[in-house]
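Undergrad: everything below, folded, please.
(one chain, ligands or ions: 2)
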Amino acid sequence: MSSGEVVLPIIDLSGYIDPKSPEDKQRVIEEVRDAARQYGFFQAKGHGIPLDLQQDLLRCMSNVFNLPKDEKLKMSFLENPCRRGYEAAGMSHREGDALPDAKECFFVGREDPEVELSGFYGPNVWPNLPEADFRGPTIWSILLEGLNQPLDLVEQFAKRPIVPMKLIRYPPHSQAAAGQFGIGAHTDFGGVTILFQQPGKDGLEVWHEGREEWIEVPAREDIYVVNCGDMVQRWSGGAYKSARHRVINKADGERLSCATFWHGDVHATNPLRPDDPNKETVGLLLAKRFRNQYSFTKEFLAEVGVGAA
Ligand SMILES: O=C(O)CCC(=O)C(=O)O
Ligand SMILES: [Fe+2]
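TA: Ligands and ions are numbered 1, 2, ... in the order given. Have a look, this model is predicted:
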């Protein structure tokens, strides 16, 4: 069941990024804290990302997804040592769902020259499109400017963060099989997710535990959706929620979105609680999660602690 009553707060981040007074900054900090506690999600405006960059991103995403199927499959993320590149529809299946997700995706990360740490760092796969139309400043500006973390904390755990970015295209729901979701219900497992939705293409729903119902999150122009993953929930001792969410494309046509997952350094442990008995690193979390999708070396698995338990 969906509800028109609960609306995720829209927080104006400009009060933190460009404060006119100390109170401005404090108000944003409190609004974000309250939303992360209550919902695990909020909508963000005043983020400083120019609208024309957002529109460029959408245009570039369409260019990628509109490539011929065989060209997309040549860039399959399953054959890439860094899990970058193309994931076709039907390749992800959420536990408990009758059918795999209807979406297709394209994964991008930080551009590094060499494959390192079994593929957590390394070069991207780029489609055969004019460079200005896809890679580079557009994506990186969006990525960097979209992150508004307390800086002193960030410096501790994000010297060389792992930041996968997932471009997603959902087919119209009418094309999906009965019981098939664009993306099935899940929590994000890592750090903070910054989601850009194609304006006017609604479909995201967030589970509200207290009310036991799905809250619809509209796809509004110039509004990003931010949510906390399982790692943030753990790092914050449960103060911040990692909320379940799913996508049922409500638009007549296709729906585009872009999710950027901001996980922190491969060796980072809980920066909020250095005394946290759980010493799981970001690398270990990702290694457990993606074990069957990367070709991890034995050395790497030993380094991040897989098999140590
Ligand atoms: O496309 C969306 O609106 C949500 C995507 C999402 O939840 C994910 O990729 O984890
Ligand atoms: Fe998600």
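Undergrad: how many other residues sit next to the residue lying closest to Pro127 once chain neighbours are set aside?
TA: Nearest residue to Pro127 in three dimensions, chain neighbours excluded: Val64, at 5.3 Å (CB to CB, 6 or more residues apart in numbering). Just so you know, the C-beta spots here come from the backbone N, C-alpha and C atoms, and that holds for glycine as well. Residues near Val64, counting by other CB atoms under 10 Å, number 21.
Undergrad: then Pro81?
TA: 12.
Undergrad: count of residues packed around Phe41?
TA: Here the number of neighbours of Phe41 (other CB under 10 Å) works out to 25.
Undergrad: now it: closest residue in space that isn't a chain neighbour?
TA: Asn227 (4.4 Å).
Undergrad: any idea which helix or strand carries the one you found?
TA: Per DSSP states H and E: Asn227 is located in strand 224-228.
Undergrad: just Gly283 next, same as before
TA: Counting by DSSP H and E, Gly283 is part of helix 282-289.
Undergrad: before we move on, what about Phe261?
TA: Using DSSP H and E, the element containing Phe261 is strand 255-262.
Undergrad: so what strands line up beside that strand?
TA: Strand pairing for strand 255-262, using DSSP bridges, gives strand 165-170 (antiparallel), strand 192-197 (antiparallel).
Undergrad: still on that earlier bit, report the contact partners of the residue nearest to Phe41.
TA: Residues counted as contacts of Asn227 (CB atoms under 8 Å, 6 or more residues apart in numbering) are 40-42, 188, 192-193, 195, 206, 242-243, 245.
Undergrad: low-confidence ranges in the stretch 151-300 of the chain?
TA: Flagging of the stretch 151-300 of the chain using pLDDT under 70 yields the residue ranges 151-153, 292-295.
Undergrad: ok, which stretches of it are helices?
TA: Here the stretch 151-300 of the chain has its helices, by DSSP state H, counting those that start in this stretch, at 151-157, 230-235, 282-289, 298-304.
Undergrad: now render these as CSV, adding mean neighbour count and distance to ligand 1.
TA: Shown next, in CSV, are the helices of the stretch 151-300 of the chain (neighbours: other CB atoms under 10 Å; distance: least, CB to the nearest ligand atom, whole Å):
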stretch, mean neighbour count, distance to ligand 1
helix 151-157, 12, 21
helix 230-235, 20, 12
helix 282-289, 20, 12
helix 298-304, 16, 22
